[in-house]
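A.B. asks: Sequence and computational prediction follow.
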Amino acid sequence: MNRDIACIGAGYIGGPTMAVIAQKNPDRKVMVVDINQARIDAWNSDNLPIYEPGLDEVVKSCRGKNLFFSTDIAGAIKACDIIFVGVNTPTKTFGEGAGYASDLQYWEAAARTISQEANGDKIVVEKSTLPVRTADSMAAVLHTHPEHTFTVLSNPEFLAEGSAIRDLLDPDRVLIGGPQDRRGKAAIKALVDVYAAWVPRRRILTTNVWSSEMSKLAANAMLAQRISSVNAFSALCEATGADIQEVAGVLGMDKRIGPKFLQAGPGFGGSCFKKDVLNLVYLCRTYGLDDCADYWESVISMNEAQQKRIVARTVKALFNTLAGKRIALFGFAFKANTGDTRETPSLTVANLLAEEHAQIVVTDPKALPNAERDLAHLQNITLEPDPYRAAEGADAILLMTEWDCYRTLDWARVYAAMRKPALIFDTRNILDLPALRALGFNTLAVGRA
Ligand code: UDX
Ligand code: ADP
């Protein structure tokens, strides 16, 4: 076996992960391939297809040396004996399991290509989030060409967008699941060696395949559940006069609870949480575990309720009508430091505002190209890169994404540009509300009366 690495799928996971693997393994060739020519061209340009702090530097340090981006999928499969699969696995929109199960068509296509093009034994590493037991199906697809041996490993990615490079360089843990026979153990060792180039061995965990796949779903479900729990408390805080920031501060100091993922807000977005929880619900139902399925499903319904509540409170504060009013959304990305808008709460809120016949203006430092695509179905939408211009004539600003640039805006200038009475709704709890009120703003925040 050779040491070179291919990755099928040059997306948010494949691109950054392979860039870091290449940088830390200068003696291995790393080939990232994709069917999307435009995406590959962007990876080969100065304007990378995704925004991620620190990514440019890592890519520049090894692109053209041992890191290559191309559409030659067959060539990469032949050249490399370790093949990562990082293709998209969105929630199914049709057929059996629609709305819950993962759509595995891209992933199956990738597996079939590997089995057709392979010229020898390969280690296939499943990187996309996939429902539990997919490695089994992948093995079945691969073995349609029995002349070669394919060993399928599960190596879930735990990086969060916006901090992907930091997470990759210094992961809490790397998880590798594989078959427990001799060949499986050898494959696990080969993959452990890739990560051991920079990750301490004690942080590299090896398990059976199904534990690994399940752990990824479980980790994301636990994190999503924390956010829904804190958002449920935020609603109660608003009703009772408690302050969610104070409550979360108290919770976080309990070592058993810990301080992370206790930030109330507009609900979780991103490509993983909703998809993975829905997947978990589907799995539970498949195995007849309806109580478990209902439990996890409530994490999603709580998230949706939070976005509805934000719009309902806005309507109430603007005298029960938004018709014709200009509402500015500050932030369209699902979180700060990314241009990604998949499952962003801003889109749900924009749709609900549109139902109220509001005129919506959207500003964001990185996500406007994606916003333009996501909002194409709506009328009365303006995209405006400059937040001060976005505020002009607005009745309300809904601060949706916790970008640093919004913390440091000249809020007096923003206030002057707005129609009065001017409302600001800080859905992320990042602004100094008393200072804003002193300027003349009406204020709303999540989880605070
Ligand atoms: C997540 C997981 O963190 C990561 O391990 C996994 O690999 C992919 O899914 P990501 O979706 O990129 O990563 O971002 P994350 O930082 O987890 O945030 C997800 C969403 O939760 C965002 O919309 C964020 O704003 C929201 N969030 C997060 C909160 O509302 N409150 C919090 O306290 C934390
Ligand atoms: P993720 O967040 O999981 O990385 P993305 O959607 O960002 O997901 O990236 C997945 C990438 O996989 C896309 O660039 C897509 O073009 C690519 N892809 C999907 N199917 C195939 C395939 N059969 N062969 C090669 N690339 C594929």
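C.D. replies: Happy to help now that I have it. Ligands and ions are numbered 1, 2, ... in the order given.

A.B. asks: mind listing what residue 142 touches?
C.D. replies: Applying C-beta atoms under 8 Å, 6 or more residues apart in numbering to residue 142 gives the contacts 111, 114-115, 124, 150, 152. C-betas here are computed from N, CA, C, even on glycine.

A.B. asks: can we see that at 6 Å?
C.D. replies: 111, 115, 150 (C-beta atoms under 6 Å, 6 or more residues apart in numbering).

A.B. asks: Just send those back as CSV, with secondary structure and distance to ligand 1 too.
C.D. replies: Converted to CSV, the contacts of residue 142 look like this (DSSP: H, G, I helix; E, B strand; the rest coil; distance: C-beta to the nearest ligand atom, whole Å):
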residue, secondary structure, distance to ligand 1
111, helix, 22
115, helix, 28
150, strand, 25
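
A.B. asks: most neighbours, which of those?
C.D. replies: Counting by other C-beta atoms under 10 Å, residue 111 has the largest number of neighbours within those, with 27 neighbours.

A.B. asks: what is the mean pLDDT for stretch 54-66?
C.D. replies: For stretch 54-66, mean pLDDT rounds to 98.

A.B. asks: centroid residue for this structure?
C.D. replies: In the chain, the centroid-proximal residue (C-alpha atoms, centre = their mean) is residue 270; its distance is 3.4 Å.

A.B. asks: quick one: secondary structure of that one?
C.D. replies: Here residue 270 is recorded as coil under DSSP: H, G, I helix; E, B strand; the rest coil.

A.B. asks: got a list of what the nearest residue to it once chain neighbours are set aside touches?
C.D. replies: Leaving aside its chain neighbours, residue 270 sits nearest to residue 334 (4.9 Å; criterion: C-beta to C-beta, 6 or more residues apart in numbering). Applying C-beta under 6 Å, 6+ apart to residue 334 gives the contacts 269-270, 344.

A.B. asks: Using the three-state scheme, assign residue 334.
C.D. replies: From three-state DSSP, the assignment for residue 334 is coil.

A.B. asks: separation between it and residue 164?
C.D. replies: According to C-beta to C-beta, to the nearest Å, residue 334 and residue 164 sit 14 Å apart.

A.B. asks: do the same with residue 138
C.D. replies: Computed as C-beta to C-beta, the residue 138 to residue 164 distance reads 25 Å.

A.B. asks: go on, residue 446?
C.D. replies: Applying C-beta to C-beta to residue 446 and residue 164 gives a distance of 26 Å.

A.B. asks: so what's the closest residue to ligand 1 within the stretch 301-449 of the chain up against?
C.D. replies: Closest residue of the stretch 301-449 of the chain to ligand 1, C-beta to the nearest ligand atom: residue 335 (3.8 Å). By C-beta under 6 Å, 6+ apart, the residues touching residue 335 are residue 162.

A.B. asks: Spell out which residues of this structure are next to ligand 1.
C.D. replies: Counting by C-beta under 6 Å from any ligand atom, the chain comes close to ligand 1 at 157-161, 220, 223, 227, 261-263, 265, 268-270, 272-273, 334-335.

A.B. asks: hmm, which of these are the buried ones?
C.D. replies: Among those, those buried by neighbour count (16 or more other C-beta atoms under 10 Å) are 157-159, 161, 220, 223, 227, 261-263, 265, 268-270, 272-273, 334-335.

A.B. asks: And the strands in the chain, which stretches?
C.D. replies: 5-8, 30-33, 67-70, 82-85, 122-126, 150-154, 174-177, 204-207, 326-330, 359-363, 381-383, 396-399, 423-426, 442-445 (DSSP state E).

A.B. asks: So for ligand 2, which of those sits nearest?
C.D. replies: Per C-beta to the nearest ligand atom, nearest to ligand 2 of the strands of the chain: strand 5-8, 4.7 Å.

A.B. asks: Could you check how far the residue of the chain most remote from its centre is from residue 79?
C.D. replies: Within the chain, residue 147 marks the point farthest from the mean C-alpha position, 38.1 Å out by C-alpha atoms, centre = their mean. According to C-beta to C-beta, residue 147 stands 19 Å off from residue 79.

A.B. asks: can you count the residues close to residue 418?
C.D. replies: 21.

A.B. asks: For the residue in the chain positioned nearest to ligand 2, give me phi and psi.
C.D. replies: Closest residue of the chain to ligand 2, C-beta to the nearest ligand atom: residue 11 (1.9 Å). For residue 11, the backbone dihedrals are phi -100, psi -150 (criterion: degrees, to the nearest 10).

A.B. asks: Least confident secondary structure element in this structure?
C.D. replies: Sorting the helices and strands of the chain by mean pLDDT, DSSP states H and E puts helix 134-142 at the bottom, at a mean of 79.

A.B. asks: For that helix, buried residues please.
C.D. replies: Here helix 134-142 shows 134-135, 137-139, 141-142 as buried, counting by 16+ other C-beta under 10 Å.

A.B. asks: Same question for stretch 347-358.
C.D. replies: Neighbour-count burial for stretch 347-358 flags 347-354, 356, 358 (criterion: 16+ other C-beta under 10 Å).
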